[in-house]
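**Student:** coords please:
(chains A and B)
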2 protein chains.
Amino acid sequence: MAMFLFRLFLLFSLFSFSFSNENPNSIINHHNHHVLPRPLILEYPELAEETRLRCGAWRVAGEANNLSPWKTVPEECAEYVKEYMTGKGYVVDLEMVSKEALEYAKSVEVNGDGMDAWIFDIDETLLSNLPYYAQHEYGFEVFDHEKFDTWVEKGVAPAIEPSLKLYEDVLNLGFKVILLTGRSERHRSVTVDNLINAGFKDWHQLILRTPDDQGKLAIIYKSEKRSEMEKDGYRILGNSGDQWSDLLGSSVSVRSFKLPNPIYYIS
Amino acid sequence: MAMFLFRLFLLFSLFSFSFSNENPNSIINHHNHHVLPRPLILEYPELAEETRLRCGAWRVAGEANNLSPWKTVPEECAEYVKEYMTGKGYVVDLEMVSKEALEYAKSVEVNGDGMDAWIFDIDETLLSNLPYYAQHEYGFEVFDHEKFDTWVEKGVAPAIEPSLKLYEDVLNLGFKVILLTGRSERHRSVTVDNLINAGFKDWHQLILRTPDDQGKLAIIYKSEKRSEMEKDGYRILGNSGDQWSDLLGSSVSVRSFKLPNPIYYIS
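**Tutor:** Below you'll find the model as predicted:
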């Protein structure tokens, strides 16, 4: 009898599992009733709990700047990162950073002289290259400059919506927006077109790498550019970027906002 | 027939759920077989998925230094933080930070002159005050200096094990260990006793707040002390702390390691 019950149990567990996969939305809507398994399971059926914990810890370590420079997502975390980037996790994190940045921006008393600056990085900060990375294993494939350039030159990267909202809000608050990107000057026009098509406008300055800047570490190049802004009289009050090399170094902003990015690392 | 099947399905879903709760360990061991519901559900049955996502985003935003100073854990996240601190999440995150710090420490060529320094904060870095916070709602209660001092004076805070391991490893690698804490000089002897009882030994220096340091922001006090270390000839190569105010400011370490702490914030 016990064996029979166990087999029945097994059968219905499997049945419930496949049923759940076919109707994820109806189940999500019911998750407060505690009748069916909770949705997290259904959304991520492939990953073991231990892997999820370790890869979560790896991702958070990256966000906290605890990791040494890395070239690809750890093999164990390839699936986890894909799920994070394509699921709700990434979006909710982006929204949280934008919300915190806006709260701070509102708390700043903007001077009337037009010298209060907010810096935005571009890739994975204002524009999303997720359509590219979806074709390249979400950071598990080693970065290929040529392939990525081909994607950039299409000029079709979509806006990161919470960043677009922040961008518009800080403009409305009276900040001067300065875009500081690791992209090269030769991509200026395609970058401008892409930004405008994605809804960004009214930036004060767009700084790209000149031939002189090629080969510099991002953290050096960006620090130098911030130093120039300060020499020009700007007060750098906010800085949004998905890499720590956007935010650290010298002439650091009063507040910096690290957007999530577990798919690539730039020194 | 469909209704009958659905009822049977419901019955066995419930059966499987209660069964799972009674045998969490056996289920964890089987989690790769995809037969039973996954364990995450079972460990955290109370929290809605949306709350978990938002509170996870809040916690990560803190680790990435994206939050403004905060006095208590957001109400929505009180239960989430408790679970994180008492479950596997906190431990796995601590282990990840220790592992990354050790990898870096091993990569450093330690000079024979004894001036290569690694700084450790104490509370929530080497010693855990979790027994105290367990009695005070895991950060959801407003911090009470007097009550906390009473706890400190007991001198019974346990070691954070992954930090103790890192501590011993960096000593063995030849670093000078300097302890830099926001605790007051009047707590020197209880702190020394607590550290020794918890397994920490052979530190080179223990720096506590003197009467002159009282009232200074932690980030200022700790920057000043690091500056003094540099004047004494130390090369600050590593710095471990659970607060960004342990790590940022001036005379910053070559590498800093942010240990997780979603229960309190010190400016």
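**Student:** Against which helices or strands is the host helix or strand of A:Leu171 packed?
**Tutor:** Taking DSSP states H and E as the criterion, A:Leu171 maps to helix A:161-172. Counting contacts by 3 or more Cβ pairs under 8 Å, 6 or more residues apart in numbering or on different chains; DSSP states H and E, helix A:161-172 packs against helix A:88-107, strand A:116-120, strand A:176-184, strand A:235-241. Backbone N, C-alpha and C define where each C-beta goes, glycine included.
**Student:** any chance of the ones you listed in CSV, plus mean pLDDT?
**Tutor:** Listed next are the helices and strands packed on helix A:161-172 as CSV, based on pLDDT from 0 to 100:
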stretch, mean pLDDT
helix A:88-107, 98
strand A:116-120, 98
strand A:176-184, 98
strand A:235-241, 98
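**Student:** Out of the ones you listed, flag the one nearest chain B.
**Tutor:** helix A:88-107 (3.9 Å; Cβ to the nearest Cβ).
**Student:** which residues touch that closest one?
**Tutor:** Applying Cβ atoms under 8 Å, 6 or more residues apart in numbering or on different chains, the external contacts of helix A:88-107 come out as A:83-84, A:118, A:160-163, A:165-166, A:169-170, A:173, A:175, A:237-238, A:240, A:255, A:257-260, B:53-54, B:56-58, B:60-61, B:64, B:66-68.
**Student:** and the angle from that helix to strand A:235-241?
**Tutor:** Counting by axes from the mean of the first three to the mean of the last three Cα atoms, to 10 degrees, helix A:88-107 lies at 170 degrees to strand A:235-241.
**Student:** Distance of the closest residue to A:Gly238 other than its chain neighbours relative to A:Ile160?
**Tutor:** Residue nearest to A:Gly238 in three dimensions, not counting chain neighbours: A:Trp118, with 4.1 Å by Cβ to Cβ, 6 or more residues apart in numbering or on different chains. As judged by Cβ to Cβ, to the nearest Å, A:Trp118 and A:Ile160 stand 16 Å apart.
**Student:** what about these two, which has more around it?
**Tutor:** Using other Cβ atoms under 10 Å in any protein chain shown as the criterion, A:Trp118 and A:Ile160 rank with A:Trp118 on top: 28 against 24.
**Student:** my read: the more buried one touches A:Tyr234, true?
**Tutor:** No: at 9.9 Å, A:Trp118 does not count as touching A:Tyr234 under the criterion of Cβ atoms under 8 Å.
**Student:** Output the helices and strands packed on helix A:161-172 in TSV; the columns should cover distance to B:Glu95.
**Tutor:** Shown next, in TSV, are the helices and strands packed on helix A:161-172 (distance: least, Cβ to Cβ, whole Å):
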stretch	distance to B:Glu95
helix A:88-107	21
strand A:116-120	35
strand A:176-184	33
strand A:235-241	28
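**Student:** Buried deepest among the ones you listed, which one?
**Tutor:** Most buried of the helices and strands packed on helix A:161-172, by mean neighbour count (mean count of other Cβ atoms under 10 Å in any protein chain shown): strand A:116-120, with a mean of 25.
**Student:** number of nearby residues for A:Leu259?
**Tutor:** Using other Cβ under 10 Å, A:Leu259 has 28 other residues around it.
**Student:** try A:Cys77
**Tutor:** For A:Cys77, the tally of surrounding residues (other Cβ under 10 Å) stands at 25.
**Student:** Contact partners for the closest residue to it other than its chain neighbours?
**Tutor:** Excluding the flanking residues, the one nearest A:Cys77 by Cβ to Cβ, 6+ apart is A:Cys55, at 3.8 Å. Taking Cβ under 8 Å, 6+ apart as the contact definition, A:Cys55 lies against A:Leu47, A:Pro74, A:Glu76, A:Cys77, A:Tyr80, A:Val81.
**Student:** Would you write a ChimeraX line that selects the buried entries of the residues you listed?
**Tutor:** Selection of buried members from those for ChimeraX, criterion 16 or more other Cβ atoms under 10 Å in any protein chain shown:
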select /A:47,77,80,81
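**Student:** From the contacts of A:Cys55, pick the one nearest chain B.
**Tutor:** Nearest to chain B among these, counting by Cβ to the nearest Cβ, is A:Leu47 at 8.7 Å.
**Student:** I'd guessed the closest one sits against A:Tyr84; true?
**Tutor:** No: look at A:Leu47 against A:Tyr84 with Cβ under 8 Å: they stay out of range, at 10.5 Å.
**Student:** pLDDT weak spots in the stretch 1-150 of chain A?
**Tutor:** Applying pLDDT under 70 to the stretch 1-150 of chain A flags residues A:1-46.
**Student:** At which residues are the helices of it located?
**Tutor:** In the stretch 1-150 of chain A, the segments counted as helices under DSSP state H, counting those that start in this stretch are A:2-22, A:24-29, A:39-43, A:49-63, A:78-86, A:88-107, A:130-134, A:145-154.
**Student:** Is it correct that A:Ala159 is in contact with A:Thr125?
**Tutor:** No: shown here, A:Ala159 and A:Thr125 do not form a contact pair, counting by Cβ under 8 Å, at 10.6 Å.
**Student:** So what sits opposite A:Ala159 in the bridge?
**Tutor:** A:Leu127 (DSSP bridges).
**Student:** Name the nearest residue to A:Tyr82, ignoring sequence neighbours.
**Tutor:** To be clear, residue A:82 is Lys; Tyr isn't right here. Counting by Cβ to Cβ, 6+ apart, A:Lys82 lies nearest to A:Tyr138, which is 4.4 Å off, once chain neighbours are set aside.
**Student:** Just the buried ones from the contacts of helix A:88-107, in ChimeraX syntax?
**Tutor:** To isolate the buried members of the contacts of helix A:88-107 in ChimeraX, using 16+ other Cβ under 10 Å:
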select /A:83,84,118,160,162,163,165,166,169,170,175,237,238,240,255,257,258,259,260 /B:53,54,56,57,58,60,61,64,66,67
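**Student:** ok, A:Pro131 - how many residues close by?
**Tutor:** A:Pro131 has 12 nearby residues by other Cβ under 10 Å.
**Student:** Spatially nearest residue to A:Ser223 (excluding sequence neighbours)?
**Tutor:** A:Ser223's closest residue in space is A:Gly249 (Cβ to Cβ, 6+ apart), at 3.4 Å.
**Student:** Let me see the contact set for that neighbour.
**Tutor:** Counting by Cβ under 8 Å, 6+ apart, A:Gly249 has contacts A:Ile219, A:Ile220, A:Lys222, A:Ser223, A:Arg226.
**Student:** What of A:Phe120?
**Tutor:** A:Leu126, A:Ser163, A:Tyr167, A:Val177, A:Ile178, A:Leu179, A:Leu180, A:Asn239, A:Ser240, A:Gly241.
**Student:** my guess is the second one meets A:Thr125, correct?
**Tutor:** Yes: with contact taken as Cβ under 8 Å, A:Ser163 and A:Thr125 are classed as touching, separated by 6.1 Å.
**Student:** tell me the SS of A:Ile207?
**Tutor:** Secondary structure for A:Ile207, judged by DSSP: H, G, I helix; E, B strand; the rest coil, is strand.
**Student:** wait, it sits on A:Lys225?
**Tutor:** Yes: contact criterion Cβ under 8 Å: A:Ile207 and A:Lys225 qualify, at 5.4 Å.
**Student:** Against A:Leu166, how distant is A:Ile263?
**Tutor:** With distances taken as Cβ to Cβ, A:Ile263 is found 21 Å from A:Leu166.
**Student:** Equivalent analysis for A:Glu63, please.
**Tutor:** From A:Glu63 to A:Leu166 the distance is 18 Å (Cβ to Cβ).
**Student:** for A:Thr51, same thing?
**Tutor:** Distance from A:Thr51 to A:Leu166, by Cβ to Cβ: 33 Å.
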